[in-house]
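Peer 1: My questions concern the predicted model and sequence given below.
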Amino acid sequence: AAHLHWVPMADISAGYALKGADDNAGSPWTIHGTDCQIVEVMLQPGESAMCEPGSMCYTSNDVKVKMSAASMLGSAWTSESLFKPKYTNTGNEPGFVAFTPNFPANIIALDLRSYPEGFYVKQGMYFAQTGDGGACRIQAGINPSRSLAACCCGGFNLIMQKIEPGAQPGWCFIAASGTILEKELGPGEMIVVSTGCVVGFSQNISLDVRANGNCCTCCFSGEGFFSTTLEGPGKVILQSMPIDKIRALFPVARVQNGTDTSQAGEA
């Protein structure tokens, strides 16, 4: 197999592409910052954008908020909120609303026109979208794994979060941590990924797992018993610092006999 090179965004055909904040030419949004980013969505009079509760950062003066009901089934199975705030420009001039993820993360913008069959992501990655609820639907999708082992050990639940375009597809924003990479896999092309580093993948990607060598390797490599395999054709998105790794640095303090037993910050 050919060696996979890490390449800049301008040369996506050579391998992985580094996702950056400047990949929005001609789009109604702008991503600000290099870490813990903000996405600012431009709203023409009467236009709306939606987000997860707590994700709004700032708005222009004429942008007003109302609560909108989300898909009950999709919300229940994918740990999303049943009601989402919808921000609408009620003025006569262009306005804006800005969103930020609810955990330390960078922002990935998905043009849903490019994914008519939907895009699978880990639960909790979605946090905002352009348009109203009809532009983007958060559905409960069945894990497309090839095997029972992949369903149990592939890093995704049996019921996955699937983002589908609506009648007038817009942009969807998902959150991931660290360096964000995307790769377009050709037919039959496969990559092996540390389970927590998978952010999402398009409909045609085949998901499976591969054992990480012998018993000694599985126990002491730090990668567990399985790694995730992704086989094309289709697009995959990866992250370098899964939120679970970040959370592990700040364990919940347990108080025993008046003593804080937290080990956070110790090397």
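Peer 2: Yep, that arrived. Residues are numbered from 1 along each chain as shown.
Peer 1: Low-confidence ranges, the stretch 151-267 of the chain, go.
Peer 2: Within the stretch 151-267 of the chain, the stretches with pLDDT under 70 are 151-157, 213-225, 253-267.
Peer 1: ranges for the strands of it?
Peer 2: Secondary structure of the stretch 151-267 of the chain (DSSP state E, counting those that start in this stretch): strands located at 159-165, 171-176, 180-185, 190-193, 198-202, 206-211, 226-231, 234-239, 255-256, 259-260.
Peer 1: Most tightly packed of these?
Peer 2: Highest mean neighbour count of those: strand 171-176, a mean of 26 (counted as mean count of other C-beta atoms under 10 Å). C-beta coordinates here come from the backbone N, C-alpha and C atoms, glycine included.
Peer 1: can you give me the helices for the stretch 51-200 of the chain?
Peer 2: Secondary structure of the stretch 51-200 of the chain (DSSP state H, counting those that start in this stretch): helices at 72-78, 148-153.
Peer 1: and those, which one's lowest on average pLDDT?
Peer 2: Lowest mean pLDDT within the helices of the stretch 51-200 of the chain: helix 72-78, a mean of 60.
Peer 1: Kindly provide the distance from the closest residue to Glu184 other than its chain neighbours to Tyr115.
Peer 2: Excluding its sequence neighbours, the residue lying closest to Glu184 (C-beta to C-beta, 6 or more residues apart in numbering) is Lys235, at 5.3 Å. From Lys235 over to Tyr115 the distance is 8 Å, taken as C-beta to C-beta, to the nearest Å.
Peer 1: residues shared between the contacts of the two?
Peer 2: Ser202 (C-beta atoms under 8 Å, 6 or more residues apart in numbering).
Peer 1: In contact with the nearest residue to Trp171 once chain neighbours are set aside, which residues?
Peer 2: Excluding the flanking residues, the one nearest Trp171 by C-beta to C-beta, 6+ apart is Thr130, at 4.5 Å. Thr130 makes contacts with 28-29, 41, 49, 136, 170-172, as judged by C-beta under 8 Å, 6+ apart.
Peer 1: One more pass at 6 Å, please.
Peer 2: Neighbouring residues of Thr130 by C-beta atoms under 6 Å, 6 or more residues apart in numbering: 41, 49, 170-171.
Peer 1: Quick check: pLDDT value at it.
Peer 2: Reading off the model, Thr130 has pLDDT 93.
Peer 1: What's opposite it in the beta bridge?
Peer 2: Counting by DSSP bridges, Thr130 is bridged to Ala49.
Peer 1: shift numbering so it begins at 59
Peer 2: Noted, 59 is the first residue going forward, which turns the last one into Thr188.
Peer 1: With Ser235 as the reference, measure out to it.
Peer 2: For Thr188, the distance to Ser235 - C-beta to C-beta - is 23 Å.
Peer 1: Repeat that for Leu168.
Peer 2: Separation of Leu168 from Ser235 (C-beta to C-beta): 17 Å.
Peer 1: And for Ile200?
Peer 2: Distance, Ile200 to Ser235, using C-beta to C-beta: 26 Å.
Peer 1: Neighbour count: these two, which is higher?
Peer 2: More crowded of Ile200 and Ser235, by other C-beta atoms under 10 Å: Ser235, with 21 against 11.
Peer 1: Got phi/psi on the closest residue to that one other than its chain neighbours?
Peer 2: Closest residue to Ser235 apart from its sequence neighbours, by C-beta to C-beta, 6+ apart: Met299 at 4.4 Å. Main-chain dihedrals, Met299, degrees, to the nearest 10: phi -130, psi 80.
Peer 1: Was I right to think Met299 contacts Thr237?
Peer 2: No. Met299 is beyond contact range of Thr237, at 7.7 Å (criterion: C-beta atoms under 6 Å).
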